[in-house]
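Chemist: test case, fold it:
(chains A and B)
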Amino acid sequence: MSTKAKISATQDGQSVIEERSRRVPRKARFDVSPYMFILPFVIFCLALLLYPVVYSLTLSFRQATVDTFVSGNMPFNGFTQYQAAVADPVFWRAVVNTVLFAFFSILFQFSIGFLLALFFQANFPLKNFCLALLLIPWVSPVLTAANIFKGLFNEIGPVNQISHLIGLGPFPWLADPAYAFPATIVANIWIGFPFNFILLYAGMRSIPAEVYEAAKIDGARFWKRVAHITLPMLKPVSVAVLTLGTIYTVKVFDLVFIMTGGGPANGTQLLSTYAYQVGFSLLNFGEAAAIATLMVLLVLLLNLVQLLLQRK
Amino acid sequence: MTLFANLPRWWITVAALVVSAILLSPFYWVLVGSFMTPAELFGGQMSLWPKHFAFQNWSVAVSRLWPHIQNSLLVSAVASVGTLLITAPAAYGLVWRKPRGRRTMMAFMLMTQMLPAIVFVIPLFIVFTKINLVNTLGGLILADMTFTIPFAVIMLSAYVKDLPYELVEAALVDGAGQLRAFLMIVLPMTLPGLITVGVFSFLIPWGDLIFALSLITEASLQPLTLELYKAFGQYGVDWGFLLPGSVLTAIPAVLFVIGASRFIVAGVTRGAIK
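Modeler: Modelled structure (predicted):
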């Protein structure tokens, strides 16, 4: 193509001008090729992402229960579903649980991840092997972790066996709300610490060594360097980790669904499990959709609070 | 900067292995427990090693789960390939071809990451019921892809952004078409990203429970996770089935992590921070 154009250009000047004048408007015209690359993606997004989101939102303003769902006519009834949702004490229990679940999960995930990341700044043989191993709780299915912790916290399971050895317990781990809730948090910390670890690890590695060297010469001790160099320089990464952590933790469903099903007595009920229960056990899709919308608002609110705290 | 600059390096390795062993001890329990009879597993005394290996746990679990493993393999493989086919060109198109509305699209992708699964589960259940996609593996694949597509586009965009675009431009000047430039230059150069995204787009459907739970009631079509979930019966938990099944469910993740840890570590950090 390009060689041909060159040949014609050497033959006479006229065709060069023609070539150019044809080319200029072609470039100015609407370029379809970017849209060819994104077309399947756009279709998928419209049909399977945007449409469900809009559907869920409109559903929350409709009476969508077993009867109306079967008849196919789901009448709009304004904020009725939202009113029903917030009138139920279980909803508020789920809100409080979700916030506490997120707070304690993130607190410990972040702390464990931070300490591990600090530890792994050293270079030692088999480091990458250990790093890969520590990722396993995070990449393996939540179902696996949930099954494991359901076993570990069994009345006569390993946790109680160990606490018996040191003269404590047995504790009614999954049978009593006061114990079941922390048990689910422990399981979630275990699932989530690798994610915090790996991001903080990468973040710490990107801090230039010279900064530390300078501090070392100034005689700053290790923990002082951590507090005055690592933590402040890690802030952008920490913010990302905490934001993502909040988003992921509020979404947790499988873990609690399998370990406790939200029980006993709604003691571990999260908004995610509650919405699923309202939708698929009580078959009240409208109210479930309303709870889902409120969940999204909660995520936004939590991230906003976090943002304000981080500003300080 | 390290805490143990003066220690012999192998000592640190030992310390790291001990820490890893403690953190991964729940896996030890499920692995060893999968060879124990329920009586030994929860028999008052803690046993760290099976007295008699109960291999029948495994043979029963494998034969019961095998058809469902096949379902899961099919769903995860198709979802993974489908995700790559859709998102690899899209990432290139969005980042370098700059179509109108790309910022809105990326913002929407980030927003979907915030949405709880239930936002998709209920509409897809209702819509799929209407168009007969409930109780089909195709329906489950599409549903699973609502998780993988946004994540894949976000992650691949980060990789494509890092690409030296001059190479693509050079190819275009040499007369290669957009498609050719994409296939011959962009794809090979983003291979680590494609591998990472492909792996995660396999693992996410593989571990999915909520879509399977709401969309697949036909027993023969149920994926591994759903069959395993049946171990929680009305009359208690079938531990002899649950534990080997849990190990089986974790195998692809473990294999992938060990095999591709280099890519995964780089990929995770890239996608999340940028």
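Chemist: I'd say B:Arg97 and B:Gln178 touch.
Modeler: Yes - using Cβ atoms under 8 Å, B:Arg97 is in contact with B:Gln178, at 7.4 Å. (Each C-beta comes from the backbone N, C-alpha and C, glycine too.)
Chemist: looking at those two, which one has more neighbours?
Modeler: B:Gln178 (21 against 18; other Cβ atoms under 10 Å in any protein chain shown).
Chemist: can you pull up the most central residue in the chain?
Modeler: Chain wasn't specified; assuming chain A. A:Tyr248 (2.2 Å; Cα atoms, centre = their mean).
Chemist: wrong chain, I was asking about chain B
Modeler: B:Leu203 (1.9 Å).
Chemist: that one: what's it in contact with?
Modeler: Applying Cβ atoms under 8 Å, 6 or more residues apart in numbering or on different chains, we find B:Leu203 in contact with A:139, A:141, B:76, B:252-253, B:256.
Chemist: one more time with 6 Å, if that's ok
Modeler: Contact partners of B:Leu203, counting by Cβ atoms under 6 Å, 6 or more residues apart in numbering or on different chains, are B:Ala253.
Chemist: which strand or helix spans it?
Modeler: Take DSSP states H and E as the rule and B:Leu203 turns out to sit in helix B:191-207.
Chemist: nearest residue to A:Lys150 in space, please, no chain neighbours.
Modeler: For A:Lys150, ignoring the flanking residues on the chain, the nearest one in space by Cβ to Cβ, 6 or more residues apart in numbering or on different chains is A:Met259 at 5.2 Å.
Chemist: and for the one you found, the neighbour number?
Modeler: Close neighbours of A:Met259, defined as other Cβ under 10 Å, add up to 24.
Chemist: same check on B:Val168?
Modeler: 21.
Chemist: now do the one 3 residues further on
Modeler: Residue neighbour count, defined by other Cβ under 10 Å, stands at 18 for B:Ala171.
Chemist: right, and it touches B:Ile185 too?
Modeler: Yes - counting by Cβ atoms under 6 Å, B:Ile185 is a contact partner of B:Ala171 at 5.5 Å.
Chemist: so where's the longest helix in chain B?
Modeler: helix B:55-92 (DSSP state H).
Chemist: quick one: buried residues of that one?
Modeler: Buried residues in helix B:55-92, counted by 16 or more other Cβ atoms under 10 Å in any protein chain shown: B:57-58, B:60-61, B:64-65, B:68-69, B:71-72, B:75-80, B:82-84, B:86-92.
Chemist: count the neighbours of B:Ala54 for me.
Modeler: Using other Cβ under 10 Å: B:Ala54 sits among 21 other residues.
Chemist: any weak-confidence spans in the chain?
Modeler: Reading this off chain A. Residues of chain A meeting the criterion pLDDT under 70: A:1-31, A:312.
Chemist: meant chain B, my bad for not saying
Modeler: For chain B, the stretches flagged by pLDDT under 70 are B:1-5, B:44, B:262, B:264-274.
Chemist: quick one: the helix or strand hosting A:Thr68 to chain centroid distance?
Modeler: Element membership of A:Thr68 [criterion: DSSP H and E] is helix A:66-71. From the chain centre to the centre of helix A:66-71 is a distance of 34 Å (Cα atoms, centre = their mean, to the nearest Å).
Chemist: output the contacting helices and strands for that helix.
Modeler: On a contact count with 3 or more Cβ pairs under 6 Å, 6 or more residues apart in numbering or on different chains; DSSP states H and E, helix A:66-71 meets no helix or strand.
Chemist: so what touches it?
Modeler: Residues from elsewhere that reach helix A:66-71 (Cβ under 6 Å, 6+ apart): A:74, A:283.
Chemist: tell me which residues in that helix are buried?
Modeler: Those would be A:68-69, for helix A:66-71 by 16+ other Cβ under 10 Å.
Chemist: just the buried positions in the helix or strand harbouring A:Ala214, please.
Modeler: If you go by DSSP H and E, A:Ala214 is part of helix A:209-217. Judged by neighbour count using 16+ other Cβ under 10 Å, the buried positions of helix A:209-217 are A:212, A:215.
Chemist: after that helix comes which helix or strand?
Modeler: Next along from helix A:209-217, by DSSP H and E: helix A:222-225.
Chemist: what packs against that next one?
Modeler: Other helices and strands packing on helix A:222-225, by 3+ Cβ pairs under 6 Å, 6+ apart, are absent; none qualifies.
Chemist: what do you get if the cut-off is 10 Å, keeping everything else the same?
Modeler: Packed against helix A:222-225, as judged by 3 or more Cβ pairs under 10 Å, 6 or more residues apart in numbering or on different chains; DSSP states H and E, are the following elements: helix A:209-217.
Chemist: okay, the helix it packs on in CSV with CA atoms only?
Modeler: Below are the C-alpha coordinates for helix A:209-217, written out as CSV (Å, rounded to 0.1, in the frame of the first residue of the first chain):
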residue,chain,number,x,y,z
ALA,A,209,16.0,2.5,49.4
GLU,A,210,17.8,5.8,49.6
VAL,A,211,15.1,7.3,51.8
TYR,A,212,15.7,4.6,54.3
GLU,A,213,19.5,4.8,54.0
ALA,A,214,19.3,8.5,54.8
ALA,A,215,17.2,7.8,57.9
LYS,A,216,19.6,5.0,58.9
ILE,A,217,22.5,7.4,58.7
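Chemist: can you give the contact residues for stretch B:93-100?
Modeler: The contact list for stretch B:93-100 (Cβ atoms under 10 Å, 6 or more residues apart in numbering or on different chains) reads A:30-39, A:41-42, B:87, B:89-90, B:101-103, B:105-106, B:109, B:153, B:156-163, B:165, B:168-169, B:178, B:181-182, B:186.
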